[in-house]
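*Asks:* The following block contains a protein sequence and its predicted model.
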Amino acid sequence: MSSKPLRLAPIIYGIGFFSLSLEPIFGLLIPLWALQLEVSPLFVGIIVGGSAFLPALFSIPMGALADRVEAKTVLLFASVGTALCIALYPLTRVWSLLALHMTVGVLSSLVWISAQAYVAKFGSDQQRARLMGNFSSATTLGTFCGPLVIGYLLDGWGFTLTFFAAGLWALMVGLMALLLPKAGARKAPNWSELRPGLEDFNQAASLLAIPTVLLVIMGTLLRLATYAIRGSYYPVYLNGIGFSAFSIGLLSSSSSLAGVFSPLAVARLCRLIQPPHLLVCGLSLAIVPLMLTPGFADFQPLLLLSVISGAGIGMTLPLLLSILANATGPEVRGLTAGLRTAANRLSFTVVPILLGVVIERAGLAAGFYVIGAFLMLSVGALFVYVQFCYLRVR
């Protein structure tokens, strides 16, 4: 499919809007639903982290599935499966919630991966550059609007109807996928291709010997740690101090909105600061305000902290992508993207569980301070690696 009319572009942007926004929606709904079930703080972390465990293992095979099969077909079935599973959340209790959320984690990840795979094959090279830019903007707008809408509905409708609305949100991806033409189908679906191939993992692991790839993976782990906190105990803390679901959604969305504008300054800042050093600054800016959250209970300072943290998070993504793209050839970029996705999910698996262990023993506020201090020590270690290893071997 080398060229298709741009009249289909709004459908593609709609898919971007509704697909990635599922993650912040889950980040708001699931911790609050877990609190409703009166689970322990540690198990909140296990539930949230469990949703990323299987995608961490299967991210590379899932990307291969979207390539080898037909991205539209994968997108359609994954979105419908996600929607159906979301409708089951109100029926869950503790262990069934964990099992269902792990299933949804795989399906929603497959939605996002196949959406990207479809866009990458759509249109001519010239059309694709424009489409990718607008698609990225649409996904950011979705991550801003999703928590706001769901938070508002949760305050007025309660959990059952809000989960139903979230299911319809996911189903929108499938309905829009029905309107799209096929994009480079190679063969009929073969679900055995989801099984991880040892050769793929060996090749991905060998990339870690490249200093740039190792730098990007370490930066990715730290960047996604902030998302893991926001999608687990951040809404738990805000709920505990009396914030409504809409206010929690607004604070979460403000971080996404700040992340829209901060990347615009990256190119100019890179003229003054080397990109690896700017990456360290962006990570620090993302982590420290989040770490300080339990020190405040009023909306205005929490909003300011959220905006600052979101600006730091927004800066890091273009830095990570540009550092990686400038040092790897096109023949391994798909594999490095899979490796980054695996690192994303690994961080989202481990951090909520570690945070839950600390909170179980020392309380919610101490959990933020301890995990924040650990992450900043890791940022310090990353700076040492950049200063004394990475820059010297380039």
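*Replies:* Thanks, I have it. Numbering: from 1, shown residues only.

*Asks:* In the lengthiest helix in the chain, which residues are buried?
*Replies:* Selection of the longest helix in the chain by residue count, based on DSSP state H, yields helix 125-157. Of all the residues in helix 125-157, those buried under the rule 16 or more other CB atoms under 10 Å are 127-128, 131-132, 134-136, 138-154. Every residue, glycine included, has its C-beta placed from N, CA and C.

*Asks:* Likewise for stretch 89-107?
*Replies:* Tyr89, Thr92, Leu97, Leu98, Leu100, His101, Met102, Thr103, Val104, Gly105, Val106, Leu107.

*Asks:* The last one and Ser247, how far apart?
*Replies:* Counting by CB to CB, to the nearest Å, the separation of Leu107 from Ser247 is 29 Å.

*Asks:* Same check on the fourth one?
*Replies:* From Leu98 over to Ser247 the distance is 28 Å, taken as CB to CB.

*Asks:* Identify the farthest-apart pair in the buried residues of stretch 89-107.
*Replies:* The most widely separated members of the buried residues of stretch 89-107, counting by CB to CB, are Thr92 and Val106 (16.5 Å).

*Asks:* Please report how far Ile25 lies from Leu250.
*Replies:* In this structure, Ile25 lies at 14 Å from Leu250, with CB to CB as the measure.

*Asks:* who's more crowded, those two?
*Replies:* Using other CB atoms under 10 Å as the criterion, Ile25 and Leu250 rank with Ile25 on top: 28 against 19.

*Asks:* residue contacts, that one?
*Replies:* The neighbourhood of Ile25, defined by CB atoms under 8 Å, 6 or more residues apart in numbering, consists of Gly146, Pro147, Ile150, Ala166, Trp169.

*Asks:* Identify, from the residues you listed, the entry nearest to Leu57.
*Replies:* Closest to Leu57 out of the contacts of Ile25 is Ala166 (25.2 Å), distances taken as CB to CB.

*Asks:* nearest spatial neighbour of the closest one, skipping sequence neighbours?
*Replies:* In this structure, Ala166 finds its nearest non-sequential neighbour in Ile86, 5.2 Å apart by CB to CB, 6 or more residues apart in numbering.

*Asks:* Got the phi and psi for Leu37?
*Replies:* phi -80, psi 0 (degrees, to the nearest 10).

*Asks:* Other residues contacting stretch 278-290?
*Replies:* Stretch 278-290 is touched from outside by 215, 219, 222-223, 225-226, 229-230, 234, 266, 269-270, 273, 304-306, 308-313, 315-316, 319-320, 323, 368, 372, 375-376, 379, 382-383, 386, with contacts defined as CB under 8 Å, 6+ apart.

*Asks:* switch to 7 Å and redo it
*Replies:* Residues outside stretch 278-290 that contact it (CB atoms under 7 Å, 6 or more residues apart in numbering): 219, 222-223, 226, 229, 269-270, 305, 308-309, 311-313, 315-316, 319-320, 372, 375-376, 379, 382-383, 386.

*Asks:* With stretch 41-48 instead?
*Replies:* In this structure, residues lying in contact with stretch 41-48 by CB under 7 Å, 6+ apart are 30-31, 34, 94, 97-98, 101, 231-232, 236, 352-353, 355-357, 359-360.

*Asks:* And for stretch 213-225?
*Replies:* Defining contact as CB under 7 Å, 6+ apart, one finds that stretch 213-225 is touched by 207-208, 276, 279, 283, 286, 313, 316, 320, 323-324, 336, 339-340, 343-344, 346-348, 351, 375, 378-379, 382, 386, 390.

*Asks:* The same query, at a cut-off of 6 Å, please.
*Replies:* When contacts are defined by CB atoms under 6 Å, 6 or more residues apart in numbering, stretch 213-225 is touched by residues 207-208, 279, 283, 316, 320, 323-324, 340, 343-344, 347-348, 351, 375, 378, 382, 390.

*Asks:* ok, so what distance separates Asn344 from Tyr227?
*Replies:* Where Tyr227 is concerned, Asn344 sits at a distance of 8 Å (CB to CB).

*Asks:* Kindly report the same for Tyr234.
*Replies:* Taking CB to CB as the measure, Tyr234 falls 10 Å from Tyr227.

*Asks:* Also Leu283?
*Replies:* Taking CB to CB as the criterion, Leu283 is separated from Tyr227 by 12 Å.

*Asks:* So for these two, which residue has more residues nearby?
*Replies:* Legend: neighbour count by other CB under 10 Å for Leu283 and Tyr227, higher for Leu283 (27 against 21).

*Asks:* follow-up on the earlier one: counting by contacts, list what the longest helix of the chain packs against.
*Replies:* With contacts defined as 3 or more CB pairs under 6 Å, 6 or more residues apart in numbering; DSSP states H and E, helix 125-157 has these neighbours: helix 9-19, helix 22-36, helix 159-177, helix 245-261.

*Asks:* Off-centre distance for that helix?
*Replies:* Chain-centre distance of helix 125-157: 13 Å, with CA atoms, centre = their mean, to the nearest Å.

*Asks:* got it, and stretch 267-280?
*Replies:* On CA atoms, centre = their mean, the centre of stretch 267-280 falls 24 Å from the chain's centre.
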